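Could you work out the structure for the sequence below:
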Amino acid sequence: MNLSAPLPTHSINLPDGVFGAFLRGGRGKCPRCDAAPLFRQWLKPVDTCAHCGQDWSVQQADDFPAYIGIFVVGHLLAPVVIAMIGTFGMSAWLTLAIILPVAIIMLIAMLGPVKGGVIAFLWWHGIGAFVKERHAIEAPDGP
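Sure, this is the predicted structure:
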């Protein structure tokens, strides 16, 4: 575990906004520096970033990524289920046999990027134990 202090903000390529941080986290990269992996295993974040030293052990994404995944998968597959039963006249059991594996695969594929995005969102806004970081805005010269 890296117990050194994180690199100062001026030496890190911080994202320009929450969307940039969200994309970095969604790709499984450190939202702060975009130079090191955010996860050491499938859904287990690293304790500290190997490049910038950001402490990720304080993240509290908890079950929120799973709730987002279930919400999105449910809304994507609901029209498909309605079409399969209503339009094509498939039985409920056949529809369940087709949709259930598809839903599980979609949810499993979505959990990693969503968890990375949630961690990035929490970090960007300074929620929980995170500290909000931004580059200092330089004042323009002259009147």
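
So the residue nearest to the spatial centre of the chain, which state does it fall into?
Nearest to the mean C-alpha position of the chain, counting by C-alpha atoms, centre = their mean, stands residue 117 at 1.8 Å. State at residue 117, reduced to three classes by DSSP: H, G, I helix; E, B strand; the rest coil: helix.

thought it was touching residue 26?
Yes. Judged on C-beta atoms under 8 Å, residue 117 makes contact with residue 26 at a distance of 4.5 Å. C-beta: built from backbone N, CA, C; applies to glycine.

Tell me where the model's unsure across the chain.
Across the chain, the ranges flagged by pLDDT under 70 are 1-6, 9-10, 135-143.

For the residue lying closest to residue 119 once chain neighbours are set aside, which residues are in contact?
In space, and not counting its chain neighbours, residue 119 is closest to residue 59: 4.8 Å by C-beta to C-beta, 6 or more residues apart in numbering. Going by C-beta atoms under 8 Å, 6 or more residues apart in numbering, residue 59 touches 45, 119, 122, 123, 128, 130.

at 10 Å what do you get?
38, 45, 115, 118, 119, 120, 122, 123, 127, 128, 129, 130 (C-beta atoms under 10 Å, 6 or more residues apart in numbering).
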